[in-house]
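Undergrad: Need coordinates for the following:
(one chain, ligands or ions: 1)
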Amino acid sequence: MSNTHNLFAACSTVNECLKLRDELNNSGEIAEIKKQLATATSEEKKLFGKKMNELQQEIRKVCDEQIQRIQQEQEKDNFLPYDPTFSSSNYKKVQQGNLHPITQITKELVSIFSDFGFDVADGPLVENQWFNFTALNTPDYHPARQMQDTFFLKNVDENGEKLVMRTQTSGVQIRYGSTHKPPFRIICPGTVYRNEDMDATHDINFHQMEGLVVDKNISLAHLATLLEQVFTKLYKTAITVRMRPSYFPFVNPGVEVDISNPFQHDASSKLYGQEWIEVLGAGLVHPTVITNMGLDPNEWQGLAFGFGIDRMVQLKFKISGITQFYNGHLEFLQGGE
Ligand code: DAH
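TA: Numbering: from 1, shown residues only. Sure, this is the predicted structure:
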């Protein structure tokens, strides 16, 4: 009967086994016996009957064995992921991820600013020239555009305005200001782009945080106090600010803000010994910008500021270059340089 074994061994499902069993029960020697039974004597019938029984039992046995094998195989497949012999020590320790340093500082700043009543606003990364430049008091011919060379798209928007990868988050001032009723306070964290030669401190994309307050009787004193409080919270040490006159087309007066160096006495810092560090540009919102928001500059004033988040991350984590920010090296992302 080894032929029977071979036939069943070729079956891969229970149904195939049952079908083969029926076929074998009606063919070959069994079919032969069934034929002869019709004309056999009663003595012969006994013998034939016994033989047929043996043959059928053999078929059933081989069939049952194959069905069992198939079912065991199926169970093994189902069981595979839960192999009880597998100890947890066989697993390689899974490395836990963490937020990128830029995301960590952005979240921290958002949380600090929200304590001062600031909402988070957003704007598109592909911006039209009106929001990125013109409405910010930087018309076509303005030399300030030169300082922010960026990537220009071939497309124009629905009003025929040229599109650029935004060079600054300042455009969100206009987007938000022209759609919300003052008084309001917003920050806008986000990626910006510049056509830069890349080196340790320059990249073609980086992150800024814009701040805008529109209210009545706003002065530079509000700006100084706000920034002192924010940086004191961020660096967890008392920070004072110093302002130097500067020029940005969308503010008047415009200032460059330095903060007292939180690492002045930290010998491990590259900033050791330095009294001030330059961190941001700011000022009182230019009346033209207030007008471009659709507001009356005689009624509303504002303060605005913008800084590089990447720089804040560098200061906080004592990172010298910014090229590591985007190279994805795990060691850097886990806090080492
Ligand atoms: N947008 C400026 C830049 O990218 C930074 C800036 C300066 C933002 C002064 C401001 C501001 O809101 O008042 O260089």
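Undergrad: switch to C-alpha atoms for all contacts and neighbour counts from now on
TA: Will do.
Undergrad: In the stretch 1-150 of the chain, what residue spans correspond to strands?
TA: Counting by DSSP state E, counting those that start in this stretch, the stretch 1-150 of the chain has strands at residues 119-120, 126-128.
Undergrad: The ligand is nearest to which of these?
TA: Across the strands of the stretch 1-150 of the chain, the ligand has its closest neighbour in strand 126-128 (13.9 Å, Cα to the nearest ligand atom).
Undergrad: what's in contact with the closest one?
TA: For strand 126-128, the surrounding residues in contact (Cα atoms under 8 Å, 6 or more residues apart in numbering) are Val156, Asp157, Glu161, Lys162, Leu163, Val164, Met165, Arg166.
Undergrad: That one: partners in the sheet, and parallel or antiparallel?
TA: Neighbouring strands of strand 126-128 in its sheet, by DSSP bridges, are strand 162-165 (antiparallel).
Undergrad: Run through the residues of this protein sitting next to the ligand.
TA: Taking Cα under 6 Å from any ligand atom, the part of the chain that reaches the ligand is made up of Gln168, Ser170, Glu210, Phe248, Val251, Gly281, Ala282, Gly283, Ala304, Phe305, Gly306, Phe307.
Undergrad: If we use 8 Å, what do you get?
TA: 148, 167-170, 208, 210-212, 248, 250-251, 254-256, 280-285, 303-307 (Cα under 8 Å from any ligand atom).
Undergrad: ok, back up a step: which member of the contacts of strand 126-128 is positioned nearest the ligand?
TA: Relative to the ligand, and with distances defined as Cα to the nearest ligand atom, the nearest of those is Arg166, at 9.8 Å.
Undergrad: Let me see the contact set for the closest one.
TA: Arg166 makes contact with Pro124, Leu125, Val126, Glu127, Asn132, Thr150, Val192, Tyr193 under the criterion Cα under 8 Å, 6+ apart.
Undergrad: and those residues as TSV, adding pLDDT and distance to Lys316?
TA: Converted to TSV, these look like this (pLDDT from 0 to 100; distance: Cα to Cα, whole Å):
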residue	pLDDT	distance to Lys316
Pro124	97	28
Leu125	97	26
Val126	96	30
Glu127	96	30
Asn132	95	29
Thr150	85	28
Val192	96	21
Tyr193	95	23
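Undergrad: Any chance of a ChimeraX selection covering the buried ones in those?
TA: Applying 16 or more other Cα atoms under 10 Å to these leaves a buried subset, and the ChimeraX line that selects it is:
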select :125,126,127,132,150,192,193
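Undergrad: Check the contacts of Arg166 and tell me the two furthest apart.
TA: In terms of Cα to Cα, the contacts of Arg166 reach their longest pairwise distance at Pro124 and Thr150, which sit 15.1 Å apart.
Undergrad: From one end of stretch 147-167 to the other, what's the distance?
TA: Using Cα to Cα, to the nearest Å, one end of stretch 147-167 lies 10 Å from the other.
Undergrad: Give the buried residues for it.
TA: Of the residues in stretch 147-167, Gln148, Thr150, Phe151, Phe152, Lys162, Leu163, Val164, Met165, Arg166, Thr167 count as buried by neighbour count, 16+ other Cα under 10 Å.
Undergrad: from what I can see the second one touches Val192, true?
TA: So the one you mean is Thr150. No. The criterion here is Cα atoms under 8 Å, and Thr150 misses it with Val192 at 9.4 Å.
Undergrad: Give me the common contacts of these two.
TA: Met165, Arg166, Thr167.
Undergrad: picking up where we left off before, how about the contacts of strand 126-128 in TSV, adding pLDDT and distance to Leu109?
TA: Converted to TSV, these look like this (pLDDT from 0 to 100; distance: Cα to Cα, whole Å):
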residue	pLDDT	distance to Leu109
Val156	90	34
Asp157	89	33
Glu161	86	33
Lys162	88	32
Leu163	94	30
Val164	93	27
Met165	95	24
Arg166	96	22
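Undergrad: chain center to the lengthiest helix in the chain: distance?
TA: Ranked by residue count, the top helix of the chain under DSSP state H comes out as helix 42-79. Its chain's average C-alpha position is 60 Å from that of helix 42-79, according to Cα atoms, centre = their mean, to the nearest Å.
Undergrad: start the count at 384, not 1, going forward
TA: Happy to do that; since the first residue is 384 now, the last one works out to helix 425-462.
Undergrad: Can you list the buried residues in it?
TA: Buried residues in helix 425-462, counted by 16+ other Cα under 10 Å: 428, 431, 435, 438-439, 442-443, 445-450, 453.
Undergrad: Also stretch 411-430?
TA: Within stretch 411-430, the residues that qualify as buried are Ile413, Ile416, Lys417, Leu420, Lys428, counting by 16+ other Cα under 10 Å.
Undergrad: which residues of the stretch 584-720 of the chain fall in strands?
TA: Under the criterion DSSP E, counting those that start in this stretch, strands of the stretch 584-720 of the chain are mapped to 588-598, 624-629, 634-643, 659-668, 684-691.
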